[in-house]
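*Asks:* everything below, folded, please.
(one chain, ligands or ions: 1)
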Amino acid sequence: MPSLALSDKKKEEKKMKKKIDLETTTPEQDSKKKGKKLKLSDSDGEEKKSKKKRKSIDESEEEPEKKSSKKVKLSVVEDVKVDNPNAVSNFRISDPLKAKLKEKGIEALFPIQATTFDMVLDGADLVGRARTGQGKTLAFVLPILESLINGPAKSKRKNGYGRPPSVLVLLPTRELAKQVFADFEAYGGAVGLAACCVYGGDPYAPQEHKLKRGVDIVVGTPGRIKDHIERRNLDLTYLQFRVLDEADEMLRMGFVDDVELILGNVEDPKKVQTLLFSATLPSWVQTIAARFLKQDKKTIDLVGNDKMKASNSVRHIALPCSKQAMSRLIPDIISLYSSGGSTIIFTETKDQASELSGLLPGARALHGDIQQSQREITLAGFRKGKFSTLVATNVAARGLDINDVQLIIQCEPPRDVEDYIHRSGRTGRAGNTGVAVMLYDSRKSGVSRIEKQAGIKFEHVSAPQPNDIARAVGMEAAEKITQVCDSVVPAFMAAAKELLESSGVSAEVLLAKALAKTAGFTEIKKRSLLSSLENHVTLLFEAGKPIYTPSFVFGALKRILPEDKVNTIEGFTLTADGQGAVFDVAQSDVDQFMSAAQKTASVSLEIVKELPKLQEREPMPRGRFGRQGGQGFNNRGRGGRFGRGRGGGGGQRW
Ligand SMILES: Nc1ncnc2c1ncn2[C@@H]1O[C@H](COP(=O)(O)OP(=O)(O)OP(=O)(O)O)[C@@H](O)[C@H]1O
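*Replies:* The predicted structure follows:
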């Protein structure tokens, strides 16, 4: 199957265009256009060094009345500093932290950070919610550090060798623990505070050594934290802050017992500030969270009753596709929607992640069965862009902040809408845009459920036809041909002349074939609209009266076609209006089906040009042990779902 990533030059062109767009738009124009304020870095050099350009997003509904800037370009930076109510200089942040923020290219706080900073610094317990990619990590990192070096927590902080920690941060996955630890290490290091990260799959000894030497901040996953407590390596007696990031996941059955045991280790909960953050906070979380929070806790919910719970800087696309068609369709989806950036593909089970990554050129897998050291190598390689397609289970669904992820593909509608929100939130972060494609089996759909619960409206598209892809990559293939050095021409001239003389076709036809081969195309197969199967066509069956069951359709077809031919039908689904049924047949059988229907007045068959609205049925309940029947990606693999149910032990579950 063609590997269809855009060429490096194309990627650079796209990025340069994006950069130019950003730099030629003043914050006023930008905010009018997109409701965001533009953060300008000090220099291009810094721009290249730092992460993808960040824009500070004004998520609060009422854009504070902004003084219009008289001069345009030169005074723009001052506007960000002086008039922006979220400018870092407007907050009680010490100089070393301000300097570190500036070094990271941050000159204004995001809404969740600005609205919660003083509450946390002044000692309140807090539940904070903002959409994915809106800076919730720094919303707790900054005020906690400021409190420890210059605020209420300073006097109670222990110092010196062997000191017990003042801060404990719990995360649901090892990767996320390492990511949050990196922020505490960077910002805490700037103010002389030490942090360490403890998680499973990593040797105990180095973690034990760091804890015994004394740290101020401990970041980790519950299982390993609990082990260190039981081994007396971790003394929480003097804890001043405890943070549950991805709080709803941390309080889900399977984690909550460990979390409760850990949090119960503090001497006097009234002396500890508890902070809970997440992009999703289902109603049951508030009940359980109340066990750990003070009565006078604050709640800042920037999503609130908005219908739209998912990221609003992401295009949400739904595309019908059978499991068997996926491994050949996904490369085309990547070439159409990834804009030359990186892609994360989510599967429901670890087996599916392993199987699919093996079928996609250059893809790597990330899930809980992979050795921790390999997981770290894989994620580090993906962050550095060593490969651009990661196939993962929910282990990568929450929190991971990876630069230049332009596309998220989910292989089926997730059971929990929170999974959809977090997975699609791996793109479109910090004001950037992105695309989230959700594949679904038209027989089970589940699309409306996600739309309703996430408050999104999917763009419904059919499988990109290979012809469309070929046209899209044809120009890129031509560019590759022109880049071939002249020095190689003599070596191929004889073969070219021989080919021209013997092939009996024109030079243009031969050149088109050469371009196709360069692009990885050796043939073009049409894809069905219903399940994206190659060399298949979707037919609409009608009988001039309501159709209530599939057996009626199969019975009618068996009266006009051989049974073995009828049994080759794929993806059978009833239409939403109850008047018809659609299914896929092999391209080579279409004429036989159509001519059989023409011989009887009771049945009509037509080739579908646009998929009609179909009846939706929820996916069959998963097997008792979380395994699901059905086909793998290539008709050989086992379907199945690693139990992420409400039961099961703590620790890594995906
Ligand atoms: N004030 C800011 N200005 C610019 N960029 C910021 C700011 N605060 C955070 N960022 C960047 O925004 C990105 C997203 O931040 P973060 O991962 O904390 O989001 P989040 O809300 O926790 O997302 P999720 O819900 O997915 O966990 C990070 O790359 C971070 O460096």
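*Asks:* going forward, measure contacts and count neighbours with C-alpha atoms only.
*Replies:* Will do.
*Asks:* run through who's touching the helix or strand harbouring Leu511.
*Replies:* Secondary-structure assignment from DSSP states H and E places Leu511 in helix 507-518. Helix 507-518 has contacts (Cα atoms under 8 Å, 6 or more residues apart in numbering) with Ala470, Gly474, Ala477, Ala478, Lys480, Ile481, Leu500, Thr522.
*Asks:* export the helix or strand harbouring the second one to PDB, keeping only CA atoms.
*Replies:* In other words, Gly474. According to DSSP H and E, Gly474 maps onto helix 466-482. C-alpha atoms of helix 466-482 as PDB (Å, rounded to 0.1, in the frame of the first residue of the first chain):
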ATOM      1  CA  PRO A 466      -7.800   5.800  -4.200                       C
ATOM      2  CA  ASN A 467      -8.300   7.900  -7.300                       C
ATOM      3  CA  ASP A 468      -8.500  11.000  -5.000                       C
ATOM      4  CA  ILE A 469      -5.400   9.900  -3.200                       C
ATOM      5  CA  ALA A 470      -3.500   9.200  -6.400                       C
ATOM      6  CA  ARG A 471      -4.400  12.700  -7.800                       C
ATOM      7  CA  ALA A 472      -3.300  14.200  -4.400                       C
ATOM      8  CA  VAL A 473       0.100  12.400  -4.400                       C
ATOM      9  CA  GLY A 474       0.700  12.600  -8.200                       C
ATOM     10  CA  MET A 475       2.200  16.100  -8.000                       C
ATOM     11  CA  GLU A 476       4.400  14.900  -5.100                       C
ATOM     12  CA  ALA A 477       5.600  12.000  -7.200                       C
ATOM     13  CA  ALA A 478       6.400  14.300 -10.000                       C
ATOM     14  CA  GLU A 479       8.500  16.500  -7.700                       C
ATOM     15  CA  LYS A 480      10.500  13.400  -6.600                       C
ATOM     16  CA  ILE A 481      11.100  12.500 -10.300                       C
ATOM     17  CA  THR A 482      12.400  16.000 -11.000                       C
END
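*Asks:* any buried residues in it, and which?
*Replies:* Taking 16 or more other Cα atoms under 10 Å as the basis for neighbour counts, the residues of helix 466-482 that come out buried are Pro466, Ile469, Ala470, Val473, Gly474, Glu476, Ala477, Ala478.
*Asks:* ok, the first one to the ligand distance?
*Replies:* Spelled out, it's Pro466. Shown here: Pro466 relative to the ligand, a distance of 34 Å by Cα to the nearest ligand atom, to the nearest Å.
*Asks:* now the third one
*Replies:* With distances taken as Cα to the nearest ligand atom, Ala470 is found 35 Å from the ligand.
*Asks:* before we move on, what about the second one?
*Replies:* Using Cα to the nearest ligand atom, one gets 32 Å for the distance from Ile469 to the ligand.
*Asks:* surely that residue and Asp332 touch.
*Replies:* Yes: here Ile469 reaches Asp332: they are 6.8 Å apart, a contact under Cα atoms under 8 Å.
*Asks:* need the overlap of contacts for those two.
*Replies:* Taking Cα under 8 Å, 6+ apart as the criterion, Ile469 and Asp332 do not both touch any residue.
*Asks:* next SSE after the helix holding Leu511?
*Replies:* Where DSSP H and E defines the elements, the next helix or strand beyond helix 507-518 is strand 536-542.
*Asks:* excluding chain neighbours, what is closest to Leu366?
*Replies:* Counting by Cα to Cα, 6 or more residues apart in numbering, Ala392 is the residue found nearest to Leu366 once chain neighbours are left out, at 4.7 Å.
*Asks:* spit out the contact partners of that neighbour.
*Replies:* By Cα under 8 Å, 6+ apart, Ala392 lies in contact with Ile344, Ile345, Phe346, Thr347, Lys350, Ala353, Ala365, Leu366, His367.
*Asks:* and the furthest pair within those residues?
*Replies:* Set against one another by Cα to Cα, these have their most distant pair in Ile344 and Lys350, with a gap of 14.5 Å.
*Asks:* look at the most centrally placed residue in the chain and tell me its secondary structure.
*Replies:* Taking Cα atoms, centre = their mean, the centroid of the chain lies closest to Arg426, which sits 3.1 Å from it. Under the three-state scheme (DSSP: H, G, I helix; E, B strand; the rest coil), the conformation of Arg426 reads as coil.
*Asks:* please shift the residue numbers so they start at 54 in all later answers.
*Replies:* Sure, I'll start counting at 54 from here, so that last one is Arg479.
*Asks:* next, give phi and psi for it.
*Replies:* Backbone torsions for Arg479, taken as degrees, to the nearest 10, come to phi -80, psi -10.
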